[in-house]
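Asks: Next comes the sequence, and after it the predicted model I'd like to discuss.
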Amino acid sequence: MPTVHEIEQSLYAWAPRALAEEWDNVGLLVGSGAREVKRVLIALDVTEWVAAEAIERGADLIVAHHPLMNCTWHKVQNVLDDNAQGRLITALLKHDISAICMHTNLDAADGGVNDVLARTLGLEGLSMLNDEKIGRVGTLKSEKRLEEFLYDVVQYLGCQGVRYRDGGKPVRRVAVGGGACAEYIPQAIALGCDTFVTGDVKYHDFLEADGINLIDAGHFETENPVCAAIETYLADKFPRLETVRSTSHKDVIQYYMK
């Protein structure tokens, strides 16, 4: 069976560490690289409930997108069981579960977060949205009304709903940015896109997005499709490895409709 280190190196062959942003924390973040892996659990985030699922399923490794620890905004000074991160790390170590996280390097990688998002929405002829390789631009097979495309976004990504601004254009040339990429709205406009799909869009981003349909489909929903791609990749590279996607991990944001 493959070791944690071998799986990490295989994931780096897909999403090289060099593609990660300077501030990012990627790769093996918890556990032993020498441990053999029989079962891996795949999730977007390493949460307490994902850790509990990994323990229940007897997983040796969690492969996730978002870093378990990111020292830029949540400095790890200690590991104590009186806070959420400490309890999470303690649970993983106690049950000998390793964690590998592929974040902005998987955003930028060929076949990664943004390629998967674009193809899930039916885009073709993909190209880069920016120099950082975060985001993609593509074209629909045929032009659609915005309302029709909004319906597709909800259905294809499993959204509970979307926030959007109508830019007054039909949908054909679309930019996507998985997670939170509203900062790239100017690039999408400059590349002639009529629509931009991303998540975590701020109020002022909507106000200033003149001339483009802006769709906030959610951070979780725009990135979660990559979990299926991770599962497929690992199953192909390591046929004897049991891979399973988390059933406990879901968007914690809910919507109340009046």
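Replies: Sure, I can see it.

Asks: which residues of the stretch 151-258 of the chain fall in strands?
Replies: 163-165, 171-176, 195-198, 213-216, 242-245 (DSSP state E, counting those that start in this stretch).

Asks: ok, and which of those has the densest surroundings?
Replies: Stretch with highest mean neighbour count among the strands of the stretch 151-258 of the chain: strand 195-198 (a mean of 28; mean count of other C-beta atoms under 10 Å). All C-beta spots, glycine's among them, are computed from the backbone N, C-alpha and C.

Asks: Which SSE is immediately downstream of the lowest-mean-pLDDT helix or strand in the chain?
Replies: When each helix and strand of the chain is scored by mean pLDDT, DSSP states H and E, helix 84-94 comes last, with a mean of 91. Once the chain leaves helix 84-94, the next helix or strand it forms, by DSSP states H and E, is strand 98-101.

Asks: quick one: average pLDDT of that next one?
Replies: Per-residue pLDDT values across strand 98-101 average out to 98.

Asks: list the helices and strands the next helix or strand after it packs on?
Replies: Per DSSP H and E, strand 98-101 leads on to helix 104-108 as the next helix or strand towards the C-terminus. In this structure, helix 104-108 packs against helix 113-120, with contacts taken as 3 or more C-beta pairs under 8 Å, 6 or more residues apart in numbering; DSSP states H and E.

Asks: Adjacent strands (with direction) for the following helix or strand past the helix it packs on?
Replies: Using DSSP H and E, the next helix or strand after helix 113-120 towards the C-terminus is strand 124-128. Each strand paired with strand 124-128, and its direction, by DSSP bridges: strand 136-144 (antiparallel).
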